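**Student:** Sequence plus the predicted model coming up.
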Amino acid sequence: MFDGLRKSSAKLADSFTSVFTKERLDASDIAELEETLIASDMGAAAAARISTALADQRFSKENGALEAREALAIEVARILKSREATLDLTDGPKPRIVLVIGVNGSGKTTTIGKLTKNLTDAGAKVVIGAADTFRAAAIEQLKVWADRAGASFVASTQGADAAGVAFETVRRAKQEGADVALIDTAGRLQNKSELMAELAKIIRVMRKVDEDAPHETLLVLDATVGQNALSQVENFRSVTEITGLVMTKLDGTAKGGVLVALAQRHAIPIHFIGVGEKAEDLQTFDALTFSRALVGLNAQ
Ligand SMILES: Nc1nc2c(ncn2[C@@H]2O[C@H](COP(=O)(O)OP(=O)(O)OP(=O)(O)O)[C@@H](O)[C@H]2O)c(=O)[nH]1
């Protein structure tokens, strides 16, 4: 985690150390801190909240920078804590039906692959549905993950009806007594009404097999897009219910602070974060571990 967030923490640390060299911060230090936090993609509301909290604290002359960093991690974690929610897909209804949505390239396919590997390693039976029928490579990529993990795989040809694939995936998961069904979707529709119609159709058709489907709708966000992730949440939220978030590619960006902006703005659980391309790089989101890594402190 610490390594995965190195780019984000390095950016924050650079400007941060220069602010905290005093026992108490004056108004201009606070303003500088607030700017630093905004520049790290945390958003104005979270930056103001954190700066105000730090303004009331005192730090020692000798060790101020470290103490301030510890205090910052605590304040960041305070915002993130309410969004922390472990998602154990092997628990609850069987099969647990999970729809994975997000814009094109956000990391949906890779996230499903990683989840599948982690679930099958833990002994769960998984069925993957390649309902992203827009891109042949996405279907191929998913098949590789499915084969590697020994998961069942449902796909059709490129351009086929996505809802048909989703239907068959849920049917197969029931038939095989699977624990989890993970369904990949396409995020590349032309406009909002098309996206809404497509997702609504997928859900309607899945419900013919299981009236509670989907049990989870995970929105996958790419951290490298920074503040744009906020508008993606708004867009998807307006077309369907989102039960949880996954933020990928945190290792490839200095914009990791955007997760704080998201937590401040949207009351949606953050389940997983991606800090690399391997299955073990998909980690359960833990507010304090993330916050400490973000400000450049090792986990405790
Ligand atoms: N470094 C890094 N790369 C990631 C992570 N998650 C996904 N990627 C990479 O991001 C790229 C896009 O991921 P995909 O999983 O293909 O994205 P998608 O949302 O399925 O894209 P479409 O199929 O085009 O809709 C791939 O090259 C992945 O290997 C991550 O956490 N870290």
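**Tutor:** Thanks, I have the structure now.

**Student:** Which residue does the stretch 201-300 of the chain have closest to the ligand?
**Tutor:** At 2.5 Å from the ligand, residue 274 is the closest residue in the stretch 201-300 of the chain, using Cβ to the nearest ligand atom. Using the backbone N, CA and C atoms, a C-beta is placed for each residue, glycine as well.

**Student:** what's the closest non-adjacent residue to that residue?
**Tutor:** Using Cβ to Cβ, 6 or more residues apart in numbering and skipping residues adjacent in sequence, the residue nearest residue 274 is residue 248, 3.6 Å away.

**Student:** I'd say that neighbour and residue 106 touch.
**Tutor:** Yes - under the criterion of Cβ atoms under 8 Å, residue 248 makes contact with residue 106 at 6.5 Å.

**Student:** quick one: common contacting residues for those two?
**Tutor:** Here residue 248 and residue 106 share the contacting residues 220-222, scored by Cβ atoms under 8 Å, 6 or more residues apart in numbering.

**Student:** what would those residues look like in JSON lines with neighbour count and distance to the ligand?
**Tutor:** What follows is these, written out as JSON lines (neighbours: other Cβ atoms under 10 Å; distance: Cβ to the nearest ligand atom, whole Å):
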{"residue": "220", "neighbour count": "27", "distance to the ligand": "6"}
{"residue": "221", "neighbour count": "27", "distance to the ligand": "10"}
{"residue": "222", "neighbour count": "25", "distance to the ligand": "7"}
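
**Student:** Tell me the one of the residues you listed nearest residue 50?
**Tutor:** Out of the shared contacts of residue 248 and residue 106, the one with the shortest distance to residue 50 is residue 221. That distance is 21.6 Å, counting by Cβ to Cβ.

**Student:** From residue 229, how far out is that closest one?
**Tutor:** Relative to residue 229, residue 221 is positioned 5 Å away (criterion: Cβ to Cβ, to the nearest Å).

**Student:** list residues touching both of these two?
**Tutor:** Once Cβ under 8 Å, 6+ apart is applied, the residues that residue 221 and residue 229 both contact turn out to be 247, 262.

**Student:** Bridged to the residue sitting nearest the centre point of the chain, which residues?
**Tutor:** Nearest to the geometric centre of the chain sits residue 246, at 1.8 Å (Cα atoms, centre = their mean). Beta-bridge partners recorded for residue 246 (DSSP bridges): residue 220, residue 272.

**Student:** Tell me which residues touch it, please.
**Tutor:** 107, 111, 218-221, 270-274, 282.

**Student:** out of the residues you listed, who's nearest residue 82?
**Tutor:** Checking the contacts of residue 246 against residue 82 with Cβ to Cβ, the nearest one is residue 270 at 9.9 Å.

**Student:** who are the neighbours in contact with the closest one?
**Tutor:** Contact partners of residue 270, counting by Cβ under 8 Å, 6+ apart, are 80, 83-85, 244-247, 259, 262-263, 285.

**Student:** Next: residue 6.
**Tutor:** Applying Cβ under 8 Å, 6+ apart, we find residue 6 in contact with residue 251.

**Student:** what do you get for residue 9?
**Tutor:** 2, 256, 293-296.

**Student:** Most neighbours among the residues you listed, which one is it?
**Tutor:** For the contacts of residue 9, the largest number of neighbours (other Cβ atoms under 10 Å) sits with residue 256, at 30 neighbours.

**Student:** could you say which helix or strand contains it?
**Tutor:** Per DSSP states H and E, residue 256 falls between elements, in no helix or strand.

**Student:** got the contact list for the nearest residue to it once chain neighbours are set aside?
**Tutor:** Setting aside the residues directly before and after it, residue 256 is nearest to residue 8 in space (Cβ to Cβ, 6+ apart), at 3.2 Å. Neighbouring residues of residue 8 by Cβ under 8 Å, 6+ apart: 40, 250, 253-257, 294.

**Student:** got a markdown table for those, with pLDDT and distance to the ligand too?
**Tutor:** Formatted as a markdown table, the contacts of residue 8 follow (pLDDT from 0 to 100; distance: Cβ to the nearest ligand atom, whole Å):
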| residue | pLDDT | distance to the ligand |
| --- | --- | --- |
| 40 | 87 | 19 |
| 250 | 92 | 6 |
| 253 | 83 | 9 |
| 254 | 81 | 13 |
| 255 | 88 | 13 |
| 256 | 89 | 11 |
| 257 | 92 | 16 |
| 294 | 89 | 16 |
